[in-house]
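Colleague: Here is my input; please provide its structure:
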Amino acid sequence: MSKQKIKVLVIADYLGRSNLNPVRPEAAQLFGLQQSGEADISVLCSPESVLVDYYRDNGLTVIPHKIDGKLSLKSIRFIRKLIREQGFELLHLFNSRAISNGATAAIGLPVKVIAYRGQTGSIKRYDPSSYLNMLHPRIDKIVCVAKAVELDLRKHLWGSKDKLITIYKGHSLDWYQAPKADLSELNLPDDAFTLSLVANLRPRKGLHVLMEATHHFPKDAPIYTLLVGANPDDPKVKEMAAKAVDPSKVIALGYRNDAPQVSGASDIIVLPTTKREGLSRAILEGMAYGRAAVVTSTGGNAELVKDGESGYVVDPSDAPALGKAITRLWQNRDQTDAFGANARQRIETIFNVQQGIDKHLQLYKQLTGRQ
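Modeller: Below is the predicted model of the structure:
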């Protein structure tokens, strides 16, 4: 008699944009769990999600349903009905609306609830909205994307801290085989040293710190900053770029479908986040292309980038340190190349898909008593 599979209902309502690599690491882990033969995964998601076809092509059952609102009575009733009628043992929730509606729907039902936590900050014991999120009393386990995220959340959690666990997002080098972007249209000088900042450029992503850091580059250094995701016509972006030591060396490329390939074509990648960071996908992608990185110690990026081996880690908002780290990489190209090779190896050996699959399967078994 074959062993019964663990029945899991995942709520992962990513919409996203069309992209050359639309598969999220979370989705790849779900595929692996399904293919393990030990879990039966169903995914509740918006019919508009770019991942619907990927889920189905990899053998996952898709339940089309769009959650409207932080607490939707319609969605709560729908999720409760699914749990009861299909006998789901685990409810795995991947974003804010999924957590608030899914965990509430699970009240009084014999299902274990797992929530995903992807960044530091924004959870407070005295904030009522936190009790619809990470502090929801119905959550049995919280998977944190990095140890820094776990430690941050630990400060705000009531009762047992055992519900927290860190599982790194898994990436595959196979996802990054597309040719690097062609930057020749930028008409940069032959000795140009390019750094790419791939981000939505909210204030916490630290563009203002990077612009201040340019004042700590050696005079006339041919270091060019490529801003991927920044609208070149945005007055705020223009104002910020004007604060660089040489604004002509700051180039806003706008939104790019080939953002990972732009990182791969750059000499290094940079993310000067000031607060509330997790495990940056942009840095993971750039490292997979063999690029050295300069990041700050906020959130999990300090775990992703090993200081002095695959790049440099500096303190948040420390513009002189950021400028010095970038300068060191410009001045020593051989070291930069070695850091890039080490970065790629870290993705392959530590932040790979299989480790995420294995640890999630172990967690599933633990919660359902299959061990």
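
Colleague: What is the neighbour count of residue 71?
Modeller: 12 (other Cβ atoms under 10 Å). From N, CA and C alone the C-beta is placed, and that goes for glycine too.

Colleague: three-state assignment of it?
Modeller: coil (DSSP: H, G, I helix; E, B strand; the rest coil).

Colleague: after the helix or strand where residue 196 lies, next one along is what?
Modeller: For residue 196, the enclosing helix or strand under DSSP states H and E is strand 193-198. Using DSSP H and E, the next helix or strand after strand 193-198 towards the C-terminus is helix 207-213.

Colleague: where along the stretch 201-350 of the chain do the helices fall?
Modeller: Listed in chain order, the helices of the stretch 201-350 of the chain (DSSP state H, counting those that start in this stretch) span 207-213, 235-241, 259-265, 281-288, 301-304, 319-331, 333-349.

Colleague: Make CSV out of those and add mean pLDDT, mean neighbour count and distance to residue 312.
Modeller: Shown next, in CSV, are the helices of the stretch 201-350 of the chain (pLDDT from 0 to 100; neighbours: other Cβ atoms under 10 Å; distance: least, Cβ to Cβ, whole Å):
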stretch, mean pLDDT, mean neighbour count, distance to residue 312
helix 207-213, 95, 22, 12
helix 235-241, 89, 15, 23
helix 259-265, 95, 24, 16
helix 281-288, 94, 25, 12
helix 301-304, 94, 22, 10
helix 319-331, 98, 19, 4
helix 333-349, 97, 17, 8
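
Colleague: just how off-centre is the strand holding residue 196 within its chain?
Modeller: 19 Å (Cα atoms, centre = their mean, to the nearest Å).

Colleague: List the contacts of it.
Modeller: 183, 188, 205, 207, 210, 221-229, 259, 262-263, 265-272, 282, 285-286, 294, 326, 329-330 (Cβ atoms under 8 Å, 6 or more residues apart in numbering).

Colleague: Columns distance to residue 117 on top of the helices of the stretch 201-350 of the chain, output as JSON lines?
Modeller: Putting the helices of the stretch 201-350 of the chain into JSON lines (distance: least, Cβ to Cβ, whole Å) gives the following:
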{"stretch": "helix 207-213", "distance to residue 117": "25"}
{"stretch": "helix 235-241", "distance to residue 117": "30"}
{"stretch": "helix 259-265", "distance to residue 117": "24"}
{"stretch": "helix 281-288", "distance to residue 117": "15"}
{"stretch": "helix 301-304", "distance to residue 117": "15"}
{"stretch": "helix 319-331", "distance to residue 117": "27"}
{"stretch": "helix 333-349", "distance to residue 117": "21"}
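
Colleague: Hmm, residue 302 and residue 295 touching each other?
Modeller: Yes. Counting by Cβ atoms under 8 Å, residue 295 touches residue 302, with 6.9 Å between them.

Colleague: Need the residues touching each of these two.
Modeller: Common neighbours of residue 295 and residue 302 (Cβ under 8 Å, 6+ apart) are residue 313.

Colleague: returning to that earlier point: show me the one of the helices of the stretch 201-350 of the chain that comes nearest residue 4.
Modeller: With Cβ to Cβ, the closest approach to residue 4 among the helices of the stretch 201-350 of the chain belongs to helix 333-349: 33.8 Å.

Colleague: With just CA atoms, put that closest one into CSV.
Modeller: Extracted C-alpha coordinates of helix 333-349, given in CSV (Å, rounded to 0.1, in the frame of the first residue of the first chain):
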residue,chain,number,x,y,z
ARG,A,333,39.6,43.8,-11.2
ASP,A,334,41.2,40.4,-10.5
GLN,A,335,39.8,40.4,-7.0
THR,A,336,36.4,41.5,-8.3
ASP,A,337,36.4,38.6,-10.8
ALA,A,338,37.4,36.2,-8.0
PHE,A,339,34.6,37.6,-5.8
GLY,A,340,32.2,37.1,-8.7
ALA,A,341,33.2,33.4,-9.1
ASN,A,342,32.7,32.9,-5.3
ALA,A,343,29.3,34.6,-5.5
ARG,A,344,28.1,32.2,-8.2
GLN,A,345,29.4,29.2,-6.2
ARG,A,346,27.4,30.4,-3.1
ILE,A,347,24.2,30.3,-5.1
GLU,A,348,25.0,26.9,-6.4
THR,A,349,26.0,25.3,-3.0
